[in-house]
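*Asks:* starting from these lines, generate the structure:
(2 chains)
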Amino acid sequence: MNNLAIARVLAEIGDLLEIKNENPFKIRAYRNAAETIVHLGTQVAEMTGAERLAIPGVGKDLAGKLGELVETGTVRYHQELLAEFPPTILDLLHLQGVGPKTVSLFYSGLGIRTLDELRQAAGEGRLRALKGMGAKKEALILKALDERQRVAGRRLLAEAHDAAATLVAALRGHAPEASITAVGSLRRGCETCGDIDILAAGAPAAIMEAFTNYQLVERILARGSTKSSVLIWGGFQADLRVVPRESLGAALQYFTGSKAHNIALRDRAIQRGFKLNEYGLYRLDDESLVAGDSEEAIYAALGLQWIPPELRENRGEIAAAEHGTLPRLIALGDLRGDLHMHTTETDGRADAATMASAARHAGREYIAITDHSKALAMANGLDETRALEHARRIRDLNGRIEGITILAGIECDIRADGSMDLADECLAALDIVIASVHGAFHQDEQTMTERILAAIANPHVDVIAHPTGRLILKREGYRVNTARIFAAAAAAGVALEINSQVDRLDLDDTLARAARDRGVKLIIDSDAHSPAALGNLRWGALTARRAWLEPGDVLNTLPVADFRAALRRNRR
DNA sequence: GCCGTTTTCGGCCCGACTGTTTTCAGTCG
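*Replies:* Okay, here's the model as predicted:
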């Protein structure tokens, strides 16, 4: 049972307890633990009882339940709760505007258990008979049911970024003197975003009208003087918050979050005799303002270094900021090389010279052309003869484009049995070899792990690309024992990739941090199949920042000569 | 249910908006 599955059970217990109207702090305890476990670098299943007890937010009771879950695959407490309610009731909880109290009311009052039953009851006007319900609420629920499919769920960071950039630009046109910024999960660089949060500080009241009248607005969910919410076409919810100019820092802090980071910060404020909200940091005794116009001042007043948004997840950043030990985070500009990209020789859209020029233009000093190997027949993958011929042409090209070094590489398939798709003599003749899994995804964990370990054991392999094979919001990664992969990669000097494709980001932030902590070096690559996609490197850099990585953790921050010397094939 | 340089008991983050209300509960972020 992996951490994701464990967290789901804990979160579902939280949902069920909420419908039962249980103690809210007990509910929070289950949700906190679930959130922490999702982002744990280690599998709970492989921990000892004492190690589980050391997880923040896990006490004696939850440690026991984790043990039960890992050993039996289920928890009695969870099953008992599920016996009290039909499991389909949890679907109702995910409707816009419907929370646990309402779900409980529907169930106890009308026996509603499913979305279909709810739709029917609302359509027949039966909901308004319930206490606190009226015709308007009924109509809202019907709308929420219709929008469920389209709006449900989260979207890729890159999509959210594009939608937000357009919206922010439009708002700035209406209030050029105001400070207008995208905040929330977007500013933290989360791999997916549930909505778009925008903050306007020092903007005229009319900005709210500009927002709700924005041409792409499909429906207005809420409209007030300081806060409005809309649905925009394409399925995003967008929220705008307006605060006075002097509250810019407090509001940036407050709306950037995350929830867990904010709760910890406000708790810290209380302990020090302050109150923190979106308008400022105030003394509890006389309500006087301590800080508010800048984030730096607020963190400083709480005895902390300013914390980069990407770290604000309550994963140790507050303690580090207190001790002045925050990392010097890597930035996109630190990346001198991009070692994974494709050309028209296989499934890319441009030739090597075009890719090299574009990479140079994007600020890179060196690249590697790494087309596919023959196992990917669909992509016109290279056999040994073509791979060596392609390499010869790339080396001819090297030196002809000012300011960029071009290495001849390959993205070689790791076959189902763990052998490499190309002969060792071919791999040995190249400048860099990236190895990756592109087929037989459904092997069991043992087989998949041995398969990748076999690739790491091949002395010609320098990098493992997209090590888990996940596609965000589409496909979970293959089952693999990452702890063993990290140990082997660290020992062999094989680098692991953070693949920057918008729907890969693989390794993710949690695993990249865990890998670094186990002594693995990382490489951040675009895996571009076109010149434009070279720009995806920014998402990989963002992921690395969320993983707490410093430039020294990432090989392609090195100048080209040092980079080559650091590759496994050239190390002694 | 968790947690402790004030605490092993008594706390646990904060505010805006909506709908159905005669002062507030529920939802959301």
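*Asks:* after the helix or strand bottoming out on mean pLDDT in chain A comes which helix or strand?
*Replies:* One helix or strand of chain A scores below all others by mean pLDDT, DSSP states H and E: helix A:135-151, with a mean of 78. Per DSSP states H and E, the first helix or strand lying C-terminal to helix A:135-151 is strand A:155-156.
*Asks:* pLDDT of that following strand, averaged?
*Replies:* Throughout strand A:155-156, pLDDT has a mean value of 87.
*Asks:* now the most centrally placed residue in chain A: how far from A:Asp431?
*Replies:* Chain A has A:Glu191 as the residue nearest its centroid, 2.6 Å off, counting by Cα atoms, centre = their mean. Separation of A:Glu191 from A:Asp431 (Cβ to Cβ, to the nearest Å) stands at 31 Å. Every residue, glycine included, has its C-beta placed from N, CA and C.
*Asks:* same check on A:Ile524?
*Replies:* As judged by Cβ to Cβ, A:Ile524 and A:Asp431 stand 18 Å apart.
*Asks:* more neighbours: those two, which one.
*Replies:* Per other Cβ atoms under 10 Å, whichever of A:Ile524 and A:Asp431 has more neighbours is A:Ile524, with 30 against 23.
*Asks:* from what I can see, the more buried one looks like it's in a strand, true?
*Replies:* Yes - per DSSP: H, G, I helix; E, B strand; the rest coil, A:Ile524 lies within a strand segment.
*Asks:* from what I can see it touches A:Trp539, true?
*Replies:* No - using Cβ atoms under 8 Å, A:Ile524 is not in contact with A:Trp539, being 9.5 Å away.
*Asks:* just give me the neighbour total for the residue nearest to A:Asp197 when sequence neighbours are not counted.
*Replies:* Spatial nearest neighbour of A:Asp197, chain neighbours left out: A:Gly184 (3.2 Å); criterion: Cβ to Cβ, 6 or more residues apart in numbering. When neighbours are counted by other Cβ under 10 Å, A:Gly184 registers 23.
*Asks:* the one 10 residues further on too?
*Replies:* A count of neighbours around A:Gly194, defined by other Cβ under 10 Å, yields 16.
*Asks:* name the nearest residue to it, ignoring sequence neighbours.
*Replies:* In space, A:Gly194 is closest to A:Arg154, 4.8 Å off (Cβ to Cβ, 6+ apart).
*Asks:* which bits of the stretch 101-250 of chain A sit near DNA strand B?
*Replies:* A:101-103, A:128, A:131-138, A:140, A:184, A:194-195, A:197, A:222-228, A:237, A:239 (Cβ under 7 Å from any atom of the strand).
*Asks:* distance of the residue of the stretch 51-200 of chain A at minimum distance from DNA strand B relative to A:Leu127?
*Replies:* Per Cβ to the nearest atom of the strand, A:Gly134 is where the stretch 51-200 of chain A lies closest to DNA strand B, at 2.0 Å. Distance, A:Gly134 to A:Leu127, using Cβ to Cβ: 9 Å.
*Asks:* so between the two, which is more surrounded?
*Replies:* A:Leu127 (24 against 11).
*Asks:* surely that one and A:Ile141 touch.
*Replies:* Yes - counting by Cβ under 8 Å, A:Ile141 is a contact partner of A:Leu127 at 6.7 Å.
*Asks:* so who does the residue lying farthest from the centre of chain A touch?
*Replies:* Here chain A reaches farthest from its C-alpha mean at A:Ala129, the gap being 42.9 Å by Cα atoms, centre = their mean. A:Ala129 makes contacts with A:Gly109, as judged by Cβ atoms under 8 Å, 6 or more residues apart in numbering.
*Asks:* if we use 10 Å, what do you get?
*Replies:* Applying Cβ atoms under 10 Å, 6 or more residues apart in numbering, one finds that A:Ala129 lies in contact with A:Gly109, A:Leu110, A:Ala121.
*Asks:* just the strands in the stretch 451-572 of chain A please.
*Replies:* Using DSSP state E, counting those that start in this stretch, the strands of the stretch 451-572 of chain A run over residues A:463-464, A:495-499, A:522-525.
*Asks:* contact partners of the first one?
*Replies:* So the one you mean is strand A:463-464. A:339-340, A:368, A:370, A:409, A:411, A:414, A:432-437, A:452, A:455-456, A:485, A:488-489, A:494-497, A:507, A:520-523, A:525, A:555, A:567-568.
*Asks:* low pLDDT regions in chain A?
*Replies:* Filtered on pLDDT under 70, chain A yields the residue ranges A:149-153, A:234.
*Asks:* any idea how it splits into domains?
*Replies:* For chain A, the domain assignment from automatic domain parsing gives the residue ranges A:3-150, A:155-243, A:250-322, A:332-570.
*Asks:* just checking, which of those domains sits deepest inside the structure?
*Replies:* Comparing these by mean neighbour count (mean count of other Cβ atoms under 10 Å), domain A:332-570 comes out on top with a mean of 20.
*Asks:* how far does it stretch from start to finish?
*Replies:* 26 Å (Cα to Cα, to the nearest Å).
*Asks:* say whether DNA strand B is contacted by the strand or helix carrying A:Leu265.
*Replies:* Using DSSP H and E, A:Leu265 sits within helix A:259-271. Yes - under the criterion of Cβ under 7 Å from any atom of the strand, helix A:259-271 makes contact with DNA strand B via A:Lys259, A:Asn262, A:Ile263, A:Arg266, A:Asp267, A:Ala269, A:Ile270, A:Gln271.
*Asks:* can I assume A:Lys137 is in contact with A:Leu95?
*Replies:* No - judged on Cβ atoms under 10 Å, A:Lys137 makes no contact with A:Leu95 at a distance of 11.9 Å.
*Asks:* show me the contacts for the nearest residue to A:Ala440 once chain neighbours are set aside.
*Replies:* Excluding the flanking residues, the one nearest A:Ala440 by Cβ to Cβ, 6+ apart is A:Ala416, at 3.9 Å. Listed by Cβ under 10 Å, 6+ apart, the contact partners of A:Ala416 are A:Ala375, A:Val437, A:Gly439, A:Ala440, A:Phe441, A:Gln443, A:Thr447, A:Met448, A:Arg451.
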